[in-house]
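Participant: pasting the sequence and the predicted model now:
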Amino acid sequence: MGKMVDIDPEESPAARFAYELRRNRLAAGLTQGQIGRRIGFSESMIGMVETLKRDPTEGFARLCDQAFGLDGVMLGLYLEAWPPPPPVPEHFRDWAAEELRATTLRLWDPLLIPGLFQTEAYARLIFEDEPGISAEQIDQRIMGRMQRKRVLSRDDPPMIWALIDEGVLHRPIGSPKVMREQLECLVELSQRPRITIQIVPYGSRASAGLLGAFGIAEVRGTAYTVYVETQPRGRTIDDRTVIIQLLTRYDIIRGEAHSQSLSVDLIEKAVRRWI
């Protein structure tokens, strides 16, 4: 058996799962090897899950419930720590999962309000313009986008740094009412302590960013994957060279952005324009 590692169950939902796995195992008088044999996993796998070095699977959690005689306790902890991604198009599933995992998200969009910040009415108009899309597909995508926004209301939401081109505030998506409500939502989100929204002004030297929107996901200070908008479908990329290039590009764009307070002033002025 490896060295005992103390886990604080209050640190995170994942830590809670690891803590409860070890607590239940010890209460049953079982070694890591013994519980591993009961549920069909190696002793090293049990040890890595208990020390947060490896994420369990949903099947792992269900088998733990069976082995310990628990009524869905470990499964519930698993779903809290690793919730299933929302129903989104196949090409977007990897990124939707990373949004749930990331501790920091860096977003840039030169054309639209970022998806995590969109209202239902604004998002619907965007989806309705997709060639050949059905009403059922539109409803499913709306549901997926609204479910993605739940990450903003978690007890431990990620830090979000969002850069938005000034033209987005004035580009009509639907009626003035849709735009007004969308920008009012943006103002409200900007008041949250873990969300920073900065407007990149007209005439800025951020032309490199006009090539397309992208997002960067980080865990505890390390950028590990990016999402790049391309036509006809975006891509999730974990190539280190691409990540470094986009981090540099993001910093260049942010260097041209207004401060948060001035950005909010610009958004509020745009709200009044749409009345």
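Facilitator: Arrived safely, thanks for sending.

Participant: give the contact list for the nearest residue to Gly221 once chain neighbours are set aside.
Facilitator: Using Cβ to Cβ, 6 or more residues apart in numbering and skipping residues adjacent in sequence, the residue nearest Gly221 is Thr104, 7.6 Å away. Placement of C-beta: from N, CA and C, glycine included. Under the criterion of Cβ atoms under 8 Å, 6 or more residues apart in numbering, the contact list for Thr104 reads 158-161, 217-219, 221.

Participant: okay, those residues in a markdown table with pLDDT next?
Facilitator: As requested, the contacts of Thr104 are arranged in a markdown table below (pLDDT from 0 to 100):
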| residue | pLDDT |
| --- | --- |
| Pro158 | 94 |
| Met159 | 96 |
| Ile160 | 97 |
| Trp161 | 98 |
| Ala217 | 95 |
| Glu218 | 94 |
| Val219 | 89 |
| Gly221 | 89 |
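
Participant: where does this protein dip in pLDDT?
Facilitator: 1-5, 206-210 (pLDDT under 70).

Participant: which residue would you name as the spatial centre of it?
Facilitator: The chain has Glu99 as the residue nearest its centroid, 1.5 Å off, counting by Cα atoms, centre = their mean.

Participant: distance of it relative to Arg235?
Facilitator: Counting by Cβ to Cβ, to the nearest Å, the separation of Glu99 from Arg235 is 15 Å.

Participant: now do the strands in the stretch 151-275 of the chain.
Facilitator: 159-165, 195-200, 214-219, 222-228, 235-237 (DSSP state E, counting those that start in this stretch).

Participant: from the contact counts, what lies against the strand or helix carrying Ile126?
Facilitator: In the assignment (DSSP states H and E), Ile126 maps to helix 120-128. Other helices and strands packing on helix 120-128, by 3 or more Cβ pairs under 8 Å, 6 or more residues apart in numbering; DSSP states H and E, are helix 135-148, helix 176-190.

Participant: mind putting those helices into TSV with mean neighbour count and distance to Phe92?
Facilitator: What follows is those, written out as TSV (neighbours: other Cβ atoms under 10 Å; distance: least, Cβ to Cβ, whole Å):
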stretch	mean neighbour count	distance to Phe92
helix 135-148	16	8
helix 176-190	18	21
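
Participant: could the ones you listed be laid out in JSON lines, adding distance to Ile126?
Facilitator: Rendered in JSON lines, the data for the helices and strands packed on helix 120-128 read as follows (distance: least, Cβ to Cβ, whole Å):
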{"stretch": "helix 135-148", "distance to Ile126": "9"}
{"stretch": "helix 176-190", "distance to Ile126": "11"}
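
Participant: right, I'll call it a day here.
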